[in-house]
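[1] mind folding the following:
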Amino acid sequence: VDIHVYRDLWARAVIRARQKKRRLLLIVDGLDEDLRPGGNSVAALLPTEHLGRCARVLVASRPHPEIPDDVDAHHPLRTTAAVSLADSPHAAKLKILAQQEINALLSSESANPSAADLPFIVLGLLAAAAGGLTVRDIVKMSSINRHTIRAFITNRAARSLQQMGSSTIAGESRYQFAHQTLLEYCQAHPDVGRDPQYREMIYAWADGWCAKNWPIADMADEQTPSYLLDSYPAILAADQDGPVWRRPDPHRLAD
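    Residues are numbered from 1 along each chain as shown. Alright, predicted model coming up:
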């Protein structure tokens, strides 16, 4: 729908709700999964007019990535206080099963040392990234072959990881932890999220694209990964008072 048509429909719906003494509620879930297929973020297109006694907008999102940079400085999203939601009791069982799966993945034994390291590498990179990565992204950082990474994500770790929204601009799906609590669980693990090597791997990968000036397409017809354009800046701008392994990096953020 054209943005002007959309805004006109919203205004008409508000007027109708007011006339009929009804309430109008627009619910938008998963802002963190917005890959901007049309260029503008969903957050920037949220209604900001005709809000009042009968019209409200309810938005839900994970903490990262933060509010997109195309959202107007005076947008209500920037001033409205966020409310943290407790875990749903209906998801408690799934959370336990997923944590058990992660523990099982990390404790699995293999005669092949590289195979034994696979869960730590994939989960470690996703924990350090705190955002969606494609199979190609992980392959580039880890040098593990594509089918091994894909098989791990879509089979062995299928309960803990999930596809993130639609495909990227390069046509590949991105994957992230299925629940925020799983991300936090892995970030706190001493051999996963607290191991600095995974953040350094992300830095080295990002520095390579920075050296290319963040191209739309390079000589190999590859373009800057979507993660580096949305979630990565939020990680670099992390809270100064946060954990040691997630301190801000203003120099990389400036680059």
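
[2] tell me where the protein has strands.
    Assigned by DSSP state E, the strands in the chain fall at 24-29, 55-60, 133-134, 161-164, 174-177.

[3] nearest to residue 197, out of the ones you listed?
    If you check each of the strands of the chain against residue 197 by CB to CB, strand 133-134 wins as the nearest, at 15.9 Å. Where you see a C-beta, it was placed from the backbone N, CA and C, and this is true even at glycine.

[4] show me what the closest one is packed up against.
    When contacts are defined as 3 or more CB pairs under 8 Å, 6 or more residues apart in numbering; DSSP states H and E, strand 133-134 packs onto strand 174-177.

[5] one more pass at 10 Å, please.
    Applying 3 or more CB pairs under 10 Å, 6 or more residues apart in numbering; DSSP states H and E, one finds that strand 133-134 makes contact with helix 113-129, helix 135-142, helix 146-151, strand 174-177.

[6] can you list contacts of it?
    When contacts are defined by CB atoms under 10 Å, 6 or more residues apart in numbering, strand 133-134 is touched by residues 122, 125-126, 139-141, 149-150, 153, 164, 167-168, 170-176, 202, 205, 225-227, 231.

[7] quick one: buried ones out of these?
    Neighbour-count burial (16 or more other CB atoms under 10 Å) applied to these gives 122, 125-126, 139-141, 149-150, 153, 164, 168, 173-176, 202, 205, 225-227, 231.

[8] any regions of the stretch 51-200 of the chain where pLDDT drops low?
    Applying pLDDT under 70 to the stretch 51-200 of the chain flags the ranges 64, 108-115, 165-170.

[9] could I get the strands of the chain in JSON lines, plus columns for distance to residue 7?
    Formatted as JSON lines, the strands of the chain follow (distance: least, CB to CB, whole Å):
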{"stretch": "strand 24-29", "distance to residue 7": "12"}
{"stretch": "strand 55-60", "distance to residue 7": "13"}
{"stretch": "strand 133-134", "distance to residue 7": "34"}
{"stretch": "strand 161-164", "distance to residue 7": "28"}
{"stretch": "strand 174-177", "distance to residue 7": "30"}
